[in-house]
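[1] Please work out how this folds:
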Amino acid sequence: MANNDENNDMLHRICSNDVLCSTIPRYVNHVGNQDYALAVAAYLLRHPRINLARVDERVAASRDIVGIIRYRRGRFLAKTRRGTWKEIGDELALRWVSRQLRRMVEHDARPPEEEQEEEQEQNDEEEQNLVVA
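    The predicted structure follows:
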């Protein structure tokens, strides 16, 4: 019984190794998100020939990155409609990481003036797509 209470308690706590699946600046600055960004950068440095524009390579990279975060006992959390955070599981984590990698490719290919307008639209859309019931 105590273990079940402990698991429920952990669902309501954001830990330092958790990744908050959001692009809102206050969440991006969370230490777990900063660690995630470093993990992505290190992964890309170790795999310089990876082509993130190719879906199959991006998905494989996403799977590896999710595995790295999980190995570090990190969770991928999304905000619920009630304002709490909930573990999203590996499938949604893979989609979120893949989306982040795709945005890196798109960011490199777009003119700077288009970026700010689209970034705000994407932030709004992402928040709607990742809200968990």
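
[2] all contacts plus neighbour counts: C-alpha atoms, from now on.
    OK.

[3] So which bits of stretch 54-68 are buried?
    Neighbour-count burial for stretch 54-68, counted by 16 or more other Cα atoms under 10 Å, picks out 58, 59, 61, 62, 63, 65, 66, 68.

[4] got any ranges where this structure has weak pLDDT?
    For the chain, the stretches flagged by pLDDT under 70 are 1-12, 109-133.

[5] quick one, strands of it?
    Remark: strands assigned in the chain by DSSP state E are 19-20, 76-79, 85-87.

[6] Highest mean neighbour count out of those strands?
    Of all the strands of the chain, strand 19-20 carries the top mean neighbour count, a mean of 26, counting by mean count of other Cα atoms under 10 Å.

[7] Could you pick out the longest helix of this protein?
    In the chain, with assignment by DSSP state H, the single longest helix is helix 89-109.

[8] Any idea how far that helix is from the middle of the chain?
    Relative to its parent chain, helix 89-109 has a centroid offset of 8 Å by Cα atoms, centre = their mean, to the nearest Å.

[9] which residues touch that helix?
    Contact partners of helix 89-109, identified using Cα atoms under 8 Å, 6 or more residues apart in numbering, comprise 21, 52, 53, 58, 59, 61, 62, 63, 65, 66, 76, 115.
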